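Undergrad: Structure for this input, please:
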Amino acid sequence: MFQVIDGGVTSAKGFKAANTAAGIKYTGRDDMAMIVSDSPCRSAGTYTKNVVKAAPVQFDRMRTDNTADIHAIVVNAGIANACTGMEGLKCCRLTADKAAELLDVRTDSILVASTGVIGMQLPMEKLEAGIDAMVPKLSSDREAGHAAAKAIMTTDTRPKECAVTFEIDGKTCTIGGMTKGAGMIHPNMGTMLCFITTDCEIEKWALLEALKTSVKDSFNMISVDGDTSTNDTCIILSNGQAKNKIVTKDSEEYGIFLEALQYLTKSLARQMAADGEGASHLLEVHVKNASSDENARILAKSVITSNLTKAAIYGRDANWGRILCALGYSGVNFDPERVDLYFESVNGKLKIIENGVATDYSEEKATQILSAEEVICTCDMKDGSADATAWGCDLTYDYVKINADYRS
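TA: Numbering: from 1, shown residues only. Predicted structure coming up:
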């Protein structure tokens with residue numbers, strides 16, 4: 001069992017954070033953050049499946065896969081350091097060198113991450129000045145973690161954080177995390193940028209397995225616009241400062257850790273979907289009684305990625321034909337004449353179709369249900385016992401406006 005607490009990346013013992021306004025692209029707001037552990041960490045990461053990978057993704061993957069101890073992550077917003085060639089990788093190395101020097105740790109124990117416009121080179125003098133400014137400000141305070149989460153935002157309207165505690169071997173352990181991402185969200189690995197910290201003592205391969213398992217049903221089950229970013233990165237650091245008996249993949253305690261991590265990643269994923277660019281509704285699609293777990297996931301994601309469905313949700317229009325259509329072209333074989341469909345929100349619940357045919361539902365009541373900020377669509381396939389949930393958002397005029405002038 002776990003307990004949700006108010007917190008983020010500084011909630012776990014031994015982790016500090018800082019932020020600053022380096023002026024990398026934005027003016028009048030913070031655009032850099034650091035996460036630092038007092039002691040070396042085991043690390044694990046999942047990264048974008050896009051063939052076009054940003055320099056930080058290439059840089060970090062080598063380090064999380066091959067370096068025993070990680071001490072810190074340096075993050076910038078505004079410029080993605082993607083499609084920047086050898087110069088981009090050099091910027092990663094120089095950033096790590098600068099942070100390592102000031103923190104008095106090995107340079108290969110530093111990770112870097114970037115988010116923002118593709119194709120621009122990072123201004124290293126501003127980046128290095130930002131590190132100079134952040135190191136003296138490092139703090140384990142709750143506010144430091146919150147400020148760091150705000151500093152890495154791009155088109156996000158709010159920071160996204162979560163923290164949970166749980167007991168292992170009589171010791172209280174904590175997992176905290178922060179994520180950013182509102183557009184170019186259609187991950188097949190993790191998310192735009194996500195950083196998770198824990199003081200739980202857990203072996204590296206158990207940490208990686210837990211992260212991959214958690215990502216599959218959280219960050220891999222969200223979509224805002226169907227675009228997979230060049231910079232998708234999800235990293236977890238474990239410093240073991242809770243002093244619990246080490247968690248291994250085969251231990252009973254692994255299930256406790258995994259349950260807590262799965263809650264955290266689902267919470268962060270849901271927050272991302274709710275804050276999709278221009279979004280006015282969170283759309284949760286629950287597929288139940290599908291023929292297999294994989295088919296349930298495919299069906300749920302097919303609905304949340306349907307632009308016609310997203311537009312209907314924006315218009316508060318119970319156009320169930322678009323949802324049944326999205327299920328139908330998902331590639332999963334099922335009997336459409338057995339499907340039931342429900343809409344639900346704080347304003348009530350309605351069965352819209354039964355056995356593939358519309359019920360005698362009230363359009364007025366359906367519109368009222370769809371007017372809530374969070375809408376749940378349940379698709380009962382009556383084809384097995386597998387369930388899956390995916391999260392997305394509506395498609396609004398503001399999405400087009402935001403992305404029409406993103407570089408300006």
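Undergrad: C-alpha from now on. contacts and neighbour counts both.
TA: Will do.
Undergrad: ok, W320 touching L350?
TA: No - W320 lies out of contact with L350 (CA atoms under 8 Å); the separation is 11.9 Å.
Undergrad: Name the residues of whatever helix or strand Y263 lives in that are buried.
TA: Applying DSSP states H and E as the criterion places Y263 in helix 252-274. For helix 252-274, the buried set under the neighbour-count rule, 16 or more other CA atoms under 10 Å, comprises 253-258, 260-274.
Undergrad: which strands and helices sit next to the very next helix or strand once past it?
TA: The helix or strand immediately downstream of helix 252-274 is strand 282-290, counting by DSSP H and E. On a contact count with 3 or more CA pairs under 8 Å, 6 or more residues apart in numbering; DSSP states H and E, strand 282-290 meets helix 252-274, helix 293-304, strand 374-380, strand 386-393.
Undergrad: Next, format the ones you listed as TSV and append distance to D65.
TA: Output for the helices and strands packed on strand 282-290, formatted as TSV (distance: least, CA to CA, whole Å):
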stretch	distance to D65
helix 252-274	20
helix 293-304	27
strand 374-380	38
strand 386-393	29
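Undergrad: Now render the ones you listed as JSON lines, adding mean pLDDT.
TA: Supplementary listing: these in JSON lines, determined by pLDDT from 0 to 100:
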{"stretch": "helix 252-274", "mean pLDDT": "95"}
{"stretch": "helix 293-304", "mean pLDDT": "96"}
{"stretch": "strand 374-380", "mean pLDDT": "97"}
{"stretch": "strand 386-393", "mean pLDDT": "95"}
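Undergrad: From the geometric centre of the chain, which residue sits farthest away?
TA: D360 (39.1 Å; CA atoms, centre = their mean).
Undergrad: so it, which of the three states?
TA: coil (DSSP: H, G, I helix; E, B strand; the rest coil).
Undergrad: Pull the contacting residues for it.
TA: Contact analysis of D360 by CA atoms under 8 Å, 6 or more residues apart in numbering lists I352.
Undergrad: sorry, back to before: so which of the helices and strands packed on strand 282-290 is nearest Y329?
TA: Nearest to Y329, of all the helices and strands packed on strand 282-290, is helix 293-304, at 7.9 Å by CA to CA.
Undergrad: Show the subsequent helix or strand relative to the closest one.
TA: Past helix 293-304, the next helix or strand by DSSP H and E is helix 307-314.
Undergrad: and that following helix, what does it pack onto?
TA: helix 320-328.
Undergrad: now the angle between strand 282-290 and the helix it packs on, please.
TA: If you take axes from the mean of the first three to the mean of the last three CA atoms, to 10 degrees, helix 320-328 sits at 60 degrees to strand 282-290.
Undergrad: Report the distance from the following helix or strand past helix 320-328 to the chain centre.
TA: As assigned by DSSP H and E, the chain's next helix or strand after helix 320-328 is strand 340-345. In terms of CA atoms, centre = their mean, to the nearest Å, the centre of strand 340-345 is found 26 Å from the chain centre.
Undergrad: List the buried residues in strand 340-345.
TA: In strand 340-345, counting by 16+ other CA under 10 Å, buried: 340-345.
Undergrad: and the next element down the chain from that strand?
TA: That would be, after strand 340-345 and using DSSP H and E, strand 348-354.
Undergrad: Could you list every helix and strand in contact with that next one?
TA: With 3+ CA pairs under 8 Å, 6+ apart as the test, strand 348-354 has strand 340-345, helix 363-370 packed against it.
Undergrad: Any buried residues in it, and which?
TA: So, applying 16+ other CA under 10 Å, buried residues of strand 348-354: 349-353.
Undergrad: With stretch 63-83 instead?
TA: Result for stretch 63-83 [16+ other CA under 10 Å]: buried residues 63-64, 69-83.
Undergrad: circling back to that earlier point, would you mind giving the helices and strands packed on strand 348-354 as JSON lines with mean pLDDT and distance to T233 added?
TA: Listed next are these as JSON lines, based on pLDDT from 0 to 100; distance: least, CA to CA, whole Å:
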{"stretch": "strand 340-345", "mean pLDDT": "98", "distance to T233": "32"}
{"stretch": "helix 363-370", "mean pLDDT": "96", "distance to T233": "33"}
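Undergrad: Kindly reformat the ones you listed as CSV and extend each row with distance to Y47.
TA: Listed next are those as CSV, based on distance: least, CA to CA, whole Å:
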stretch, distance to Y47
strand 340-345, 34
helix 363-370, 35
